[in-house]
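> the following block contains a protein sequence and its predicted model.
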Amino acid sequence: MMTTRPEMDLERFPYLQGNYAPVLEESTFDEGEGGLHVEGQIPQQITGAFMRNGPNVAWQPDHYVYPVDGDGMIHAVYFKDGRVHYRNRWVRSNWFRVEETLRRACWGSHGKPYPVDTETLAAGGSAHPFKNPANTSVLYHGGKLFALFEAGFPHVLSSDLESAEEFDYHGLLQTGDGLTAHPKICARNGDLISNTQRFAEPYLTIQIFDSAGRHKRSIPIYGMHRRAMIHDIQLCGDYIVGLFAPAFPDIEAAMRGENPFIWEAERPTRIFAVHRDGGDPVWFEAPTFFSWHFCNGFHSGNKLYVDYIWMDSMPVSNDLGTGVESQMRNLHRLTLDLLTGSVTNEKVGPTYCEFSRADERRCGLQYRYGFAAAATHSRSESPNHAYNATIRYDMESGTSQLWDFGEGANAGEPVHIPNPDSDKEEDGYLMSYVTCPGEGAFLSILSAGDLTRGPLAKIHIPARVPNGFHANWMSGITL
């Protein structure tokens, strides 16, 4: 039974306003009267679930600057036999269950942690000042459905989202390990390319799991002088690429209530490439920049090509309402020459965009189309920005298409859903959660081949779907 939650005072937190505000109810809707309303035609041949994770605070926060501290909540639309079903559920981690028992927030934020009190410890809570909210991504691999958060262990979810348990990969993960929230699934053999980070050397270790989820190898990355904010990695054929930008976590500063990250702008951004079979990494150096997310990458001849979202610096501050998060970001392409060590860094397009994705069947391979959540330049100036459009980049021609959902819209990460009857990227679909004034929340389904057609279907949801983080298509998962 749903716990009744007291009303929260969120007025002083910019990133808990508008469609960033949490939803406090878990809902279940089938298609039909009083439930989901389908406008247009949903693809009849797909079976699976579109799921998106994101931060959704369950109890009154003491501090909330950047949307990383809210409890994970999965919003899911299940597809089977041309029918749809929706449900949203919190990720029921041990941290979540302890707070449910005590009916309050028991841990501080990542920007303002504090010692854990005795009542929380007595209720079975962790003594670590940072909780694992399991709020960043959701992924299906090796027969397991995972909720991911890079500073902690993954959680295995039931397909109906009613249960969640920490998973240490049968003892591989040890206390202090954080498993990335952005692993890549190799298009060639189904390997999961992931990594762990620690505060001791080696600060980052690549972890590779086979298609069944069994650990294959660990590849330590030497050449870093300290742990950095490495949010994503990219598979490029036989190589794995990561960015060592000068953004460094500072736990002692965080415990003092100061900025939990140090940005050393005078340092260059270093880039590593390591063969997936192991060995020493190759290091490259480029003028300073930062990135949260890759789009895709591939290996051709002596060069690695990496497409990613570029930013001038790390967009995090511990002060409320600074607007630093809204700095310009664009899709760029890095070209790394394995023979000469040279680096080129070219802008693909001028549009303000984030959450870049590609057809996962092309992960690590040469591909044609990249997709992202996009905003017009005027909207990017807001300190509490939102993305009102979906953009598609043609990586061969350099052209782009954009579908604008309208003034005031909030459009989430677009995920490519393959057409099971075709291996062509353009025959697939793009799904994303959208909230529009006058329409409310819906799951948008666009044609990957032609965004200008507008949504092929809208699955209207009679509840609010707040802005969140990362989504994926769980092929074959049903209720």
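Looks like it arrived, so ask away. Numbering: from 1, shown residues only.

> in stretch 211-219, what's buried?
Buried residues in stretch 211-219, counted by 16 or more other C-beta atoms under 10 Å: 213, 215, 219. In this view, the C-beta of every residue, glycine as well, is placed from N, C-alpha and C.

> can I get it in PDB, CA atoms only?
Extracted as PDB, the C-alpha positions of stretch 211-219 are listed here (Å, rounded to 0.1, in the frame of the first residue of the first chain):
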ATOM      1  CA  SER A 211      26.200 -11.600 -23.200                       C
ATOM      2  CA  ALA A 212      25.000 -13.900 -20.300                       C
ATOM      3  CA  GLY A 213      26.300 -11.400 -17.700                       C
ATOM      4  CA  ARG A 214      29.400 -13.400 -16.700                       C
ATOM      5  CA  HIS A 215      32.500 -11.400 -16.000                       C
ATOM      6  CA  LYS A 216      35.200 -11.800 -18.700                       C
ATOM      7  CA  ARG A 217      38.000  -9.500 -17.700                       C
ATOM      8  CA  SER A 218      39.100  -6.400 -15.800                       C
ATOM      9  CA  ILE A 219      41.400  -3.800 -17.500                       C
END
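
> what about it, average pLDDT?
What stretch 211-219 shows for mean pLDDT is 98.

> check what contacts that stretch and list those residues.
Stretch 211-219 is contacted from outside by 141-144, 169-170, 172, 189-192, 205-210, 240, 274, 276-279, using C-beta atoms under 8 Å, 6 or more residues apart in numbering.

> buried ones among these?
Neighbour counting with 16+ other C-beta under 10 Å marks 141, 169, 191-192, 206-210, 240, 274, 276 as buried within the contacts of stretch 211-219.

> got CSV for those, with distance to Gln401 too?
CSV is the format used below for those (distance: C-beta to C-beta, whole Å):
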residue, distance to Gln401
His141, 31
Tyr169, 40
Asp191, 32
Leu192, 31
Ile206, 35
Gln207, 37
Ile208, 35
Phe209, 36
Asp210, 37
Ile240, 31
Val274, 35
Arg276, 33
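
> can you map out the strands along the stretch 251-400 of the chain?
261-263, 269-275, 282-286, 294-300, 303-311, 329-337, 343-347, 352-358, 369-375, 389-394, 400-404 (DSSP state E, counting those that start in this stretch).

> nearest to Phe130, out of the ones you listed?
When the strands of the stretch 251-400 of the chain are compared by C-beta to C-beta, strand 261-263 sits nearest Phe130, at 13.8 Å.

> what helices and strands are in contact with the closest one?
strand 247-249 (3 or more C-beta pairs under 8 Å, 6 or more residues apart in numbering; DSSP states H and E).

> now the strand it packs on: average pLDDT?
Here the average pLDDT along strand 247-249 is 92.

> quick revisit: strands - which of the buried residues of stretch 211-219 land there?
Among the buried residues of stretch 211-219, the residues falling in strands (DSSP state E) are 215, 219.

> now tell me which helix or strand of the protein has the poorest mean pLDDT.
Lowest by mean pLDDT, DSSP states H and E among the helices and strands of the chain is helix 251-255, with a mean of 81.

> which stretch among the strands of the stretch 251-400 of the chain comes nearest Thr136?
Thr136 sits nearest to strand 352-358 of all the strands of the stretch 251-400 of the chain, at 11.9 Å, using C-beta to C-beta.

> next one: Lys318 from Ile262, what distance?
One thing to correct before we go on: residue 318 is Asn, not Lys. 12 Å (C-beta to C-beta, to the nearest Å).

> neighbour count for those two, which is higher?
Asn318 (19 against 16; other C-beta atoms under 10 Å).

> thought the more buried one was touching Arg256?
No. Using C-beta atoms under 8 Å, Asn318 makes no contact with Arg256, being 10.3 Å away.

> for stretch 96-111, buried residues please.
Quick answer for stretch 96-111 (16+ other C-beta under 10 Å): 96, 98-100, 102, 105-111.

> so can I have a markdown table of the residues you listed showing pLDDT?
A markdown table is the format used below for the buried residues of stretch 96-111 (pLDDT from 0 to 100):
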| residue | pLDDT |
| --- | --- |
| Phe96 | 97 |
| Val98 | 98 |
| Glu99 | 97 |
| Glu100 | 96 |
| Leu102 | 97 |
| Ala105 | 96 |
| Cys106 | 97 |
| Trp107 | 95 |
| Gly108 | 90 |
| Ser109 | 88 |
| His110 | 83 |
| Gly111 | 81 |
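
> nearest to Glu266, of these?
For those, the nearest to Glu266 is Gly111 (24.0 Å; C-beta to C-beta).

> tell me the phi and psi of the closest one?
For Gly111, the backbone dihedrals (degrees, to the nearest 10) come out as phi -90, psi -20.

> dump the residue contacts of it.
Residues in contact with Gly111 (C-beta under 8 Å, 6+ apart) are 63, 65-66, 69, 254, 259-260, 318.

> against Gly72, how distant is it?
For Gly111, the distance to Gly72 (C-beta to C-beta) stands at 18 Å.

> next: Phe289.
29 Å.

> neighbour count: those two, which is higher?
Ranked by neighbour count (other C-beta under 10 Å), Phe289 and Gly72 place Gly72 first, with 30 against 19.

> what pairs with the more buried one across the strands?
With DSSP bridges applied, Gly72 shows beta-bridge pairing to Pro55.

> which of the contacts of Gly111 lies closest to Asp117?
Using C-beta to C-beta, the contacts of Gly111 come closest to Asp117 at His63, 16.2 Å.

> low-confidence regions, the stretch 301-450 of the chain specifically.
Counting by pLDDT under 70, the stretch 301-450 of the chain shows low-confidence ranges at 320-323, 377-385.

> ok, the closest residue to Thr47 other than its chain neighbours to Ala212 distance?
Nearest residue to Thr47, sequence neighbours excluded (C-beta to C-beta, 6 or more residues apart in numbering): Lys80, at 5.3 Å. As judged by C-beta to C-beta, Lys80 and Ala212 stand 25 Å apart.

> check Gly143 too.
Counting by C-beta to C-beta - Gly143 and Ala212 are separated by 7 Å.
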